[in-house]
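> return atomic coordinates for the entry below.
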Amino acid sequence: MPTQAKQATVAELTELLKEATTTIVSDHRGLSVADLHRVRRELRAKDIQYRVIKNRLARIAAEQAGRTELIPLLTGPSALAIGGQDESSLAKGLLDATKPFSVEIRGAAMNGQTFDAAAVMALARLPGRDVLLAQLAGGMAAPLSTMAGLFAAPLRNLGYGLTQLQERREAAQAG
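Numbering: from 1, shown residues only. You can find the predicted model right below:
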């Protein structure tokens with residue numbers, strides 16, 4: 001019979017997993033209690049939760065949340081990183097916080113798919129969502145501004161030509 005505390009933990013984790021689109025699973029072995037507190041504090045500043053959880057409880061919560069892609073990653077001592085502004089910031093934040101320690105990243109469950117540790121590393125190297133959107137907007141605006149300049153060029157050149165013609169006529173009349 002599950003205890004009230006375990007039921008509460010599963011219910012809380014189920015809600016977190018339902019809200020999150022991305023969850024990164026890591027092995028927390030090698031972290032002392034002080035190190036774990038330091039990692040959590042650093043991640044909390046980035047709006048990321050780092051939860052050490054029993055695999056059995058995490059599997060139950062993943063099934064209840066409809067996040068079954070997370071289950072294959074739950075082997076051995078597991079910690080879940082959930083939150084962040086976007087997938088890239090979650091991966092960057094976790095890797096930055098755990099860099100001084102020997103924490104193994106097992107993989108991530110993102111939008112119904114499971115990714116390995118190499119994919120999480122690649123995701124961390126990507127710029128954030130806001131930067132990517134700005135690059136996209138800049139890439140779309142650049143050809144439009146070039147085209148506007150090309151359409152304005154004949155009218156601008158006509159204006160220059162008329163100005164030179166007027167200056168020559170004034171110089172011819174004066175001379």
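> where do the helices of this protein begin and end?
Assigned by DSSP state H, the helices in the chain fall at 4-19, 33-44, 55-65, 87-98, 117-125, 129-174.
> check which helices and strands the fourth one sits against.
In this structure, helix 87-98 makes packing contacts with strand 22-27, helix 33-44, strand 48-53, strand 78-83, strand 104-110, helix 117-125, judged by 3 or more Cβ pairs under 8 Å, 6 or more residues apart in numbering; DSSP states H and E. To be clear about C-beta, it is placed using only N, CA and C from the backbone, and glycine gets the same treatment.
> out of those, deepest packed?
strand 22-27 (a mean of 24; mean count of other Cβ atoms under 10 Å).
> Ala108 reaches Ala91, doesn't it?
Yes: using Cβ atoms under 8 Å, Ala108 is in contact with Ala91, at 7.3 Å.
> now for these two: what residues contact both?
With contacts taken as Cβ atoms under 8 Å, 6 or more residues apart in numbering, Ala108 and Ala91 have Ile24, Val120, Leu123 as neighbours in common.
> buried stuff in stretch 161-171?
If you call a residue buried by 16 or more other Cβ atoms under 10 Å, then stretch 161-171 has no buried ones at all.
> ok, now stretch 2-20?
Under 16+ other Cβ under 10 Å, the buried positions of stretch 2-20 are Thr9, Val10, Leu13, Thr14, Leu16, Leu17, Ala20.
> break this structure down into its domains, please.
What automatic domain parsing lists as the domains of the chain is 4-126, 128-175.
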